[in-house]
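Peer 1: Just the structure for this:
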Amino acid sequence: MVQRFRLRPMFSCVAVAALSVAVLAGGCNIIGALAAKTVGNPDIPAKYTLEKVPTLIWVENFQNPDLAEQDAILLAHAIEDKFKKKDLIPIVGMEKAIDQKNLRPKEFRTTSIAGIGRLVGAEQVLYVDLQQSGIVPVMIGGSFEGRAAAQVKVIKSKDGAILWPTDAQAGYPVTTETNPLKGTDPKNANDVRVSLYDYLSGDIVRLFIKYDQDEVPERK
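Peer 2: Numbers count the residues shown, from 1 in each chain. Down below sits the predicted model:
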């Protein structure tokens, strides 16, 4: 009589186990992806929370204040508008400080940042030293791009104390640039400048608020 042997289904068991692990792993990835899509990226916290007191946004190029005055005003207005839309702090318009500068130019030139704040009734000053800003031509395609760099700090008007950042007296560095394809004709250089200060003002305001990275506008 021929004895028949029945092989144990070891391979099948191993295959089933491996398949189960793969399914579980895949399921975890799917769940993780769904969770990330549902919950989104965690909010980015504010680097400093401004006190809700009258605040002057003062922008200048410290080394060449007269040379960059128009750019400073454009940036200050963009920052003011973004703060007003969020209704975070009471804003003292930069025009009040400019009026004081025009009334007494010699005295104003030697007035401290805190002193400027006191002149216009602001309890704190969000000071932006616009160290670099400009529209430069791109070699390829005849287009333009904007580049800017600034140092940002918050100063108490009463005594000139730096409220933030406490570990960097010069301020917190912020840089930005536009997409070089933004401008294709010299007449569009001004559009690039407007976009540049829109981006830079957004980057500055986001230093003081909690925000979702997904909500940051795409640079054009």
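
Peer 1: residue ranges for the strands of this structure, please.
Peer 2: In the chain, the strands defined using DSSP state E lie at 55-60, 91-92, 124-137, 144-156, 162-164, 172-177.

Peer 1: Distance from the chain centre to the last one, please.
Peer 2: Taking C-alpha atoms, centre = their mean, to the nearest Å, one finds the center of strand 172-177 at 8 Å from the center of the full chain.

Peer 1: what's the answer for stretch 97-105, then?
Peer 2: Worked out by C-alpha atoms, centre = their mean, stretch 97-105 lies 30 Å from the chain centre.

Peer 1: Same check on stretch 77-84?
Peer 2: Distance, centroid of stretch 77-84 to centroid of chain: 13 Å (C-alpha atoms, centre = their mean).

Peer 1: buried ones in that stretch?
Peer 2: Going by neighbour count (16 or more other C-beta atoms under 10 Å), the buried part of stretch 77-84 is 77, 78, 79, 80, 82, 83. C-beta coordinates here come from the backbone N, C-alpha and C atoms, glycine included.

Peer 1: so where's the chain uncertain?
Peer 2: Applying pLDDT under 70 to the chain flags the ranges 1-41, 139-142, 180-187, 219-220.

Peer 1: try it again with 50
Peer 2: 1-27, 30-37, 182-183 (pLDDT under 50).

Peer 1: And the helices in it, which stretches?
Peer 2: Assigned by DSSP state H, the helices in the chain fall at 10-39, 69-86, 94-103, 105-109, 113-119, 189-205.
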